[in-house]
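Colleague: What shape does this take:
(4 chains)
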Amino acid sequence: MEYKPNKEVIVKRIAKFFKDGDLVNLGIGLPTLVGNYIPDDVHINLQSENGFVGLGPAPEKGKEDSMLTNAGGSPVTLLAGGAYFDSAVSFGIIRGGHVDYTVLGVLQVDQNGNLANYMIPGKMIPGMGGAMDLTIGAKKVIAATTHFERNGDSKLKRNCTLPLTAGNQVDYVVTDLGFFEIKDGKFILKEYFAPYSVDYILNNTDVDIVVPEDCKEVTL
Amino acid sequence: MEYKPNKEVIVKRIAKFFKDGDLVNLGIGLPTLVGNYIPDDVHINLQSENGFVGLGPAPEKGKEDSMLTNAGGSPVTLLAGGAYFDSAVSFGIIRGGHVDYTVLGVLQVDQNGNLANYMIPGKMIPGMGGAMDLTIGAKKVIAATTHFERNGDSKLKRNCTLPLTAGNQVDYVVTDLGFFEIKDGKFILKEYFAPYSVDYILNNTDVDIVVPEDCKEVTL
Amino acid sequence: MIDKKIISAEEAAGLVNDGDVVMLGGFLACGSPLNLLEALQKKGTKDMTLVCNDTAFHNAKTGEMTGVAPLVLNKQFKKMVVTHIGTNFETQRQMNAGETEVDLVPQGTLAEQIRAGGFGLGGILTPTGVGTEVEKGKEVIEIDGKKFLVEKAIKGDVALIKARTADKAGNLIFDKSARNFNPLMATACETVIVEVDEIVETGALDPECINTPGLFVNYIVLTKGAK
Amino acid sequence: MIDKKIISAEEAAGLVNDGDVVMLGGFLACGSPLNLLEALQKKGTKDMTLVCNDTAFHNAKTGEMTGVAPLVLNKQFKKMVVTHIGTNFETQRQMNAGETEVDLVPQGTLAEQIRAGGFGLGGILTPTGVGTEVEKGKEVIEIDGKKFLVEKAIKGDVALIKARTADKAGNLIFDKSARNFNPLMATACETVIVEVDEIVETGALDPECINTPGLFVNYIVLTKGAK
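Modeller: Numbers count the residues shown, from 1 in each chain, chains lettered A, B, ... in the order given. You can find the predicted model right below:
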């Protein structure tokens, strides 16, 4: 079986995490796409760390407001019941544990819940932006990533080698192969995504993976 | 000459300190009265540490609003250009050095600029409220006090014996006998108030007082 | 946005347990949730720790009381963390008699400690209180030659706050000087109960002017206004 | 209330000196004072230290730039204290080449450091950055078994901020997500210059909704709005 990156599977699965009333922060890039797959009957509150809650969908073409953007700089809208605030309040909400879930992109994530996602020394230095606060502060941290790098290496590691965004904070990892919980220094495989098998995941990921009895195949 | 407490002299003199645009915080009690004597042609901005700037005079009888009081709990008004904020912002303004003058009451003030005004252990414990932040934070601290206690002791001391509100922060002391600057561990007598004389002050105040050449008599 | 639960003052009092750390908004009772306090007084909840700017007014001569004063007189608090008790002779009496533990905290420090608790900071470094009784037992850090006290964050079990208006999603707008500690306390407690004068539809409040976003609020109690 | 001075963008740029620590509001240039930046670029002020969320956009392929990017390209900064430079390849290039000192700071930490500077705190204790590169060279304090970094307050010489509306007394109201760091920076600098879309009479703004009281503002620059 050949691996083909599939971001849609990742964001579709993550979109099923949330329940009514959850406050959720979606990181820039892949995580932002999760917002497009939230079930219609689930009402979550999205935070934009540049300064508001009640983040709504992109405006109609021609109705963009340059004074209302998401953390990636793209025009968005505000839902009824949303509220604006400054950056200190925004990160107070984050650091204070008021965000139920944050979904973050990944350079590396390891079986101890360490996350590296803000720099490759000497090469790519985007900076941490809000990622360090989000990783430390959110009640649950979901790492969202394609399972493999372009060169075929797994992004799931025994130990991150890149500079950490935060240590021991990642709760869940969702890749295009499966959904993992991180517990006791291991990846617990809760679901594997068709058409991949448990063996395919185990054979291609050099980390400690536990496959519990209730691990199940899911088609997304 | 017999001493007779005269609070009006104190507040009248203090009211002459300010210039256009100064942000001023007047403590509870005697200092609050300073607000009644600001010259008509001087426009200062009064802060109320319970949460606003633009403190105006007491409302007309019958127009009191229980949701708008000063730090002493008395009904007040808001001037055009005033703004409300929470207690963290209010004390951020104070601690951050944005208040030009604070005028505070006194139990004891000494020649090193130490102020004691929040408790007499075992006897009277009002608590420091905002006084510690104001004393530490305001650019200039004016201590406002009758010169003597009821038993005849001077409130100006060589060393405070009561618990300090803050150390080395008082810049000026205005009593009903004179106006002192505190400098290099001494009280500098800048003005003495009729009908008292320099000698009267020196003979009745057991502290180090310097009388500079330009010390002058003032009638208030 | 999900609607918040609207409950009665009595139901709200039922959410406060004996021994809870209770943060109470208000400054000399201006901005205190008076109906919640009355319900808590009736219920007789005890051994609470009070975190509040002050203990309101209790006139020694006339016996008149405002705000939290009746609960102080009832000895419903085993401890009070306050900045000023000069207007309540009974609090001073209990403190001097050693009947109740009273921590006196500078007002700006208390505001920052509560904010730090709500905003995930371990504490703040403040120059306020250096060289005073407040310094006792605290760590002192020197930064660029200036001394600062390490003042730790404070969190609570229940916040009892007062706002002018809530929308159904729990967004709050306060009222003039009645804002004071209320928005700070809303960030720092497990359960946040707000007493309001009116509830409006979600979306009716100006999103630029919301002092406390609904995410901080758990329950709304609608009263006919402050007493 | 005393009126604030209304000046031109060019006069404003004249208030910024070579070597100044300049705090710049905005998040990817949303809420940056674009006319002030243009004037500062023309004037060529140099050796500044920039404190800002980011260095806006500079597209490596097209050369398109927004916000502060032209000043970065001009090398008007000797140092930049920022949280994110992923959208400006030139900042990354200067950092990697060692041409400009770039301090990367977690966004929530930068916000608190600026607020601490403005509000007279020596710093704050934050869990953010513990066990990462950010911890290096910093004091770590343990409170109730949890580790926190001591992050020091930051102050600046000049704040260049953007608001939607000022009244003549300098009270400010911002605009949606363009608020971000602007109100924080207004507290933390010796000189505060605000670029606004409109100036109204003192008293015309709702005193419940003022994000930055006029006491923090020194100069107002009226422009025809954000570019």
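Colleague: can you list the weak-confidence ranges in chain C?
Modeller: The model of chain C has pLDDT under 70 over residues C:225-227.
Colleague: can you give me phi and psi for the residue positioned nearest the centre of it?
Modeller: For chain C, the residue sitting closest to the mean C-alpha position, by CA atoms, centre = their mean, is C:Leu24 at 2.4 Å. Main-chain dihedrals, C:Leu24, degrees, to the nearest 10: phi -120, psi 120.
Colleague: check contacts around it.
Modeller: Residues near C:Leu24 by CB atoms under 8 Å, 6 or more residues apart in numbering or on different chains: C:Ser32, C:Pro33, C:Leu37, C:Leu50, C:Val51, C:Cys52, C:Val68, C:Ala159, C:Leu160, C:Ile161, C:Met185. Just so you know, the C-beta spots here come from the backbone N, C-alpha and C atoms, and that holds for glycine as well.
Colleague: The first one: what's its closest spatial neighbour, skipping adjacent residues?
Modeller: Closest residue to C:Ser32 apart from its sequence neighbours, by CB to CB, 6 or more residues apart in numbering or on different chains: C:Gly26 at 3.0 Å.
Colleague: what's near enough to touch that neighbour?
Modeller: Counted by CB under 8 Å, 6+ apart, C:Gly26 has contacts C:Ser32, C:Pro33, C:Cys52, C:Asn53, C:Ala56, C:Gly67, C:Val68, C:Lys162, C:Ala178, C:Asn180, C:Phe181, C:Asn182.
Colleague: Produce a ChimeraX select command limited to the buried residues of these.
Modeller: Buried residues within the contacts of C:Gly26, by 16 or more other CB atoms under 10 Å in any protein chain shown, are selected in ChimeraX with:
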select /C:32,33,52,53,56,67,68,162,178,180,181,182
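Colleague: which one of the contacts of C:Gly26 sits closest to chain D?
Modeller: Of all those, C:Ala178 has the smallest distance to chain D: 10.8 Å, by CB to the nearest CB.
Colleague: Could you give the number of residues near the nearest residue to that closest one once chain neighbours are set aside?
Modeller: Nearest residue to C:Ala178 in three dimensions, chain neighbours excluded: C:Gly31, at 3.3 Å (CB to CB, 6+ apart). Residues lying near C:Gly31 (other CB atoms under 10 Å in any protein chain shown) number 32.
Colleague: how close does C:Gly31 sit to B:Tyr84?
Modeller: Between C:Gly31 and B:Tyr84 the distance is 11 Å, computed by CB to CB, to the nearest Å.
Colleague: same check, this time on A:Val42
Modeller: A:Val42 sits 37 Å away from B:Tyr84 when distances are taken as CB to CB.
Colleague: Looking at these two, which has the bigger crowd around it?
Modeller: Comparing A:Val42 with B:Tyr84 by other CB under 10 Å, the one with more neighbours is B:Tyr84, at 28 against 14.
Colleague: Output the helix or strand C:Ile199 falls within in CSV with nothing but the alpha carbons.
Modeller: Counting by DSSP states H and E, the element that carries C:Ile199 is strand C:189-200. Once non-C-alpha atoms are left out, strand C:189-200 reads as follows in CSV (Å, rounded to 0.1, in the frame of the first residue of the first chain):
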residue,chain,number,x,y,z
CYS,C,189,-13.2,30.9,39.6
GLU,C,190,-14.5,27.4,38.7
THR,C,191,-18.1,28.6,38.9
VAL,C,192,-19.1,32.1,37.9
ILE,C,193,-22.5,33.4,38.8
VAL,C,194,-23.6,36.8,37.7
GLU,C,195,-26.5,38.9,39.0
VAL,C,196,-27.8,41.2,36.3
ASP,C,197,-30.5,43.9,35.9
GLU,C,198,-31.5,42.7,32.4
ILE,C,199,-30.9,39.9,29.9
VAL,C,200,-31.0,40.7,26.2
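Colleague: Beyond it, next helix or strand please.
Modeller: Using DSSP H and E, the next helix or strand after strand C:189-200 towards the C-terminus is strand C:219-222.
Colleague: Pairing partners for that following strand, with directions?
Modeller: strand C:5-7 (parallel), strand C:189-200 (parallel) (DSSP bridges).
Colleague: Restricted to helices, list the contacts of C:Leu24.
Modeller: Of the contacts of C:Leu24, the ones assigned to helices by DSSP state H are C:Leu37, C:Met185.
Colleague: Tell me the one among the contacts of C:Leu24 nearest to B:Tyr37.
Modeller: Among these, C:Ser32 lies closest to B:Tyr37 (CB to CB), at 33.0 Å.
Colleague: ok, the closest one - contacts?
Modeller: Under the criterion of CB under 8 Å, 6+ apart, the neighbours of C:Ser32 are C:Leu24, C:Gly25, C:Gly26, C:Ala56, C:Gly67, C:Val68, C:Lys162.
Colleague: what does C:Phe119 give?
Modeller: By CB under 8 Å, 6+ apart, the contact list for C:Phe119 reads A:Ala88, A:Phe91, A:Gly92, A:Ile93, A:Arg95, A:Gly96, C:Thr187.
Colleague: can you do 7 Å?
Modeller: By CB atoms under 7 Å, 6 or more residues apart in numbering or on different chains, the contact list for C:Phe119 reads A:Gly92, A:Arg95, A:Gly96, C:Thr187.
Colleague: tell me which element the residue located most distally from the centre of chain A is part of?
Modeller: Relative to the C-alpha centroid of chain A, counting by CA atoms, centre = their mean, A:Gly62 is the outermost residue, at 30.2 Å. According to DSSP H and E, A:Gly62 maps onto no helix or strand at all.
Colleague: Check chain A for the residue nearest chain B and tell me.
Modeller: Proximity of chain A to chain B (CB to the nearest CB) peaks at A:Ala88, 10.1 Å away.
Colleague: how about the residues of chain A near chain D?
Modeller: A:48-52, A:65-69, A:73, A:84, A:86-88, A:91, A:94-95, A:122, A:125-130, A:132-133, A:136, A:163-167 (CB under 7 Å from any CB of the partner chain).
Colleague: Filter these down to the buried ones, ChimeraX style.
Modeller: The following ChimeraX selection, which keeps only the buried ones among the residues of chain A next to chain D, applies the criterion 16+ other CB under 10 Å:
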select /A:48,49,50,51,52,65,66,67,68,69,73,84,86,87,88,91,94,95,125,126,127,128,129,130,132,133,136,163,164,165,166,167
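Colleague: Give me the subset of the residues of chain A next to chain D lying in strands.
Modeller: Counting by DSSP state E, the part of these found in strands is A:Ser48, A:Phe52, A:Tyr84.
Colleague: For the first one, which residues are in contact?
Modeller: For A:Ser48, the residues meeting the contact criterion (CB under 7 Å, 6+ apart) are A:Leu55, A:Asn70, A:Ala71, D:Ser177.
Colleague: residues near the second one, how many?
Modeller: Around A:Asn70 there are 23 other residues, counting by other CB under 10 Å.
Colleague: these two touch, right, the residue of chain A closest to chain B and D:Ala116?
Modeller: No: between A:Ala88 and D:Ala116 there is no contact under CB atoms under 7 Å: 9.7 Å.
Colleague: coming back round to it: go through the contacts of C:Ser32 and name the one nearest A:Ala80.
Modeller: Nearest to A:Ala80 out of the contacts of C:Ser32 is C:Lys162 (CB to CB; 24.5 Å).
Colleague: For that closest one, name its beta-bridge partners.
Modeller: Counting by DSSP bridges, the residues bridging with C:Lys162 are C:Glu195.
Colleague: How much space separates it from chain A?
Modeller: In this view, C:Lys162 and chain A are 19 Å apart by CB to the nearest CB, to the nearest Å.
Colleague: residues in contact with that residue?
Modeller: Here C:Lys162 is in contact with C:Gly25, C:Gly26, C:Gly31, C:Ser32, C:Pro33, C:Ala178, C:Asn182, C:Glu195, C:Ala226 (CB under 7 Å, 6+ apart).
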